[in-house]
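Undergrad: With the sequence up front, the predicted model follows.
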Amino acid sequence: MSAAEGPLVVGVDTSTQSTKVLVVDASTGRVVASGQAPHTISTGAGRESDPRQWWDALRAALHQCGDAAHEAAAVSIGGQQHGLVTLDAQGDPVRPALLWNDVRSAPQARRLIDELGGPKTWAERTGTVPGPSITVTKWAWLAENEPDAVRATAAVRLPHDYLTERLTGEATTDRGDASGTGWWASGSEAYDEEVLAHIGLDPALLPRVVRPGEVAGTVHAREELPFSRGTLVATGTGDNAAAALGLGLRPGTAVLSLGTSGTVYAVSTRRPADPTGTVAGFADARGDWLPLACTLNCTLAVDRVAALLGLDREAVEPGAGVTLLPYLDGERTPDLPHASGLLHGLRHDTTGGQLLQAAYDGAVHSLLGALDLVLDADADRSAPLLLIGGGARGTAWQQTVRRLSGRPVQVPEARELVALGAAAQAAGLLTGEDPAAVARRWGTAHGPVLDALERDEETLARIAGVLSDAAPLLERESNRN
């Protein structure tokens, strides 16, 4: 490792499938060491993980970083949002965490909306109309289906909270991740006592919401980790808010993130409240807002279609007339938690490459449908879309986004933007800077700009038509074994 120009910081991305760690020079943004370790996720009706895996993965990834992690002066954790972590009085998991993409709480989501004033009231109150991804619905599901687990629960955390608490011994969260629970009121920026009372969740079980720029604590679990005494721990935040920090995002710039899930979001100075439920009115990690729309099915679903066809993920072929809605895990945007994949327009001359392209089209269509809704009215809609996530460097993904959006696309050269955003947050503790300004100083959003293509209105209209006509099938609840 060559000498760093400034202090070292650690940024962590604990995602659905793995934990990634970057050790970064706070002065230059140069990554001096990295590590990664996987998680396992249950299959079947639910999506669950043992939180202790995340801690083991964090330890393994940090040790891969060697001496650089020991030299770090501050650390921050960005984590998958919405997951329900229930801990007993000893701080051990009561049961595996219910992850964001576990949609078993769809009935509870519908019931909560009705019982507490309807979609408009929820949007105005918490910023979000709860769907089955939102944490409040998962607690309601747990109370209804596993009351013994609820009775054994002495603390409720989100994934990033769990790891931050194991680092510091302090129960903390941040406004960005708290805003995705459904029990944090975006107007007052405090836990909503009426919502908590309605679902039977004692606010004493929840972590303290730490302000942006505040220190969450210092590392106390040194015997298990390569940190030195006095290492500062930042608040951390949810993965999308961390990625926004990692890009140094300014209001009005739209981001399409192509990962296991797909998201589209932008920073706004206005508090969002969308009664349709398409846009979640999340807070960001700085003090502004992060209106966001999310699809459950993105790169994982398209890769699954490619595997079923025995094709490389780039082996797409043009062709009109076939529509594939890759709703392999239900869907969040549009709100179809019980949906399964749907194929329409198949002919004798349809090729496997055309089917694969149709899967890309179906996934991107869902994201672009929410693009205008997350942008403020005065945003420049001809500006390049920032394309990030695991799919961002795939040619087929890039071409599909360009063709269906009609906009230029910029692909940042920096990778692991969630971990970089967490690192920028940690660096801000040391320098007193706005973390987004730190990331801009690091140049994390720099990358090639791909010219706009003519917008493919025919394909967009065809997919919208199939989606509308198939609504009764997509909304039907089916038994899954």
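TA: Cool, the structure landed. Numbers count the residues shown, from 1 in each chain.
Undergrad: Report the distance from the host helix or strand of A293 to the chain centre.
TA: Assessed by DSSP states H and E, A293 sits inside strand 289-295. The chain centre lies 9 Å from the centre of strand 289-295; the measure is CA atoms, centre = their mean, to the nearest Å.
Undergrad: go on, stretch 262-279?
TA: For stretch 262-279 - counting by CA atoms, centre = their mean - the centre lies 14 Å from the chain centre.
Undergrad: and it, which residues are buried?
TA: 262-268, 272-274, 277-279 (16 or more other CB atoms under 10 Å). C-beta coordinates here come from the backbone N, C-alpha and C atoms, glycine included.
Undergrad: If you count neighbours, what's buried in the helix or strand A68 falls within?
TA: For A68, the host element (DSSP H and E) is helix 67-71. Buried residues in helix 67-71, counting neighbours by 16+ other CB under 10 Å, are found at A68, A69, H70, E71.
Undergrad: pLDDT score for the last one?
TA: Right, E71. At E71, the pLDDT value in this model is 94.
Undergrad: Do I have it right that it meets F227?
TA: No - using CB atoms under 8 Å, E71 is not in contact with F227; the gap is 9.4 Å.
Undergrad: Burial check on H39, number of neighbours?
TA: By other CB atoms under 10 Å, 19 other residues sit near H39.
Undergrad: three-state assignment of the closest residue to it other than its chain neighbours?
TA: With sequence-adjacent residues excluded and distances taken as CB to CB, 6 or more residues apart in numbering, H39 is closest to Q53, at 5.0 Å. Look at Q53: counting by DSSP: H, G, I helix; E, B strand; the rest coil, its state is helix.
Undergrad: and the gap between Q53 and T14?
TA: 10 Å (CB to CB, to the nearest Å).
Undergrad: Between those two, which has more neighbouring residues?
TA: More crowded of Q53 and T14, by other CB under 10 Å: T14, with 30 against 19.
Undergrad: Show the pLDDT at the residue of the chain most remote from its centre.
TA: In the chain, the greatest distance from the average C-alpha position (CA atoms, centre = their mean) is reached by H348, at 39.4 Å. pLDDT recorded at H348 is 95.
Undergrad: quick one: secondary structure of it?
TA: Relying on three-state DSSP, one would call H348 coil.
Undergrad: residues contacting the closest residue to L373 other than its chain neighbours?
TA: Nearest non-adjacent residue to L373, counting by CB to CB, 6+ apart: V279, 4.9 Å away. Shown in contact with V279 (CB atoms under 8 Å, 6 or more residues apart in numbering): P272, P291, L292, A293, A370, L373, V374.
Undergrad: Correct me if wrong: the fourth one contacts L375.
TA: Right, the one you point to is A293. No - between A293 and L375 there is no contact under CB under 8 Å: 11.0 Å.
Undergrad: centre of the chain versus stretch 379-399, how much separation?
TA: Distance of stretch 379-399 from its chain centroid, counting by CA atoms, centre = their mean, is 17 Å.
Undergrad: Next, the contact list for E194, please.
TA: Listed by CB under 8 Å, 6+ apart, the contact partners of E194 are L116.
Undergrad: quick one on the thing from earlier: can you add distance to P318 and pLDDT and give the contacts of V279 back as JSON lines?
TA: Converted to JSON lines, the contacts of V279 look like this (distance: CB to CB, whole Å; pLDDT from 0 to 100):
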{"residue": "P272", "distance to P318": "37", "pLDDT": "91"}
{"residue": "P291", "distance to P318": "33", "pLDDT": "95"}
{"residue": "L292", "distance to P318": "31", "pLDDT": "93"}
{"residue": "A293", "distance to P318": "27", "pLDDT": "92"}
{"residue": "A370", "distance to P318": "26", "pLDDT": "83"}
{"residue": "L373", "distance to P318": "29", "pLDDT": "86"}
{"residue": "V374", "distance to P318": "29", "pLDDT": "89"}
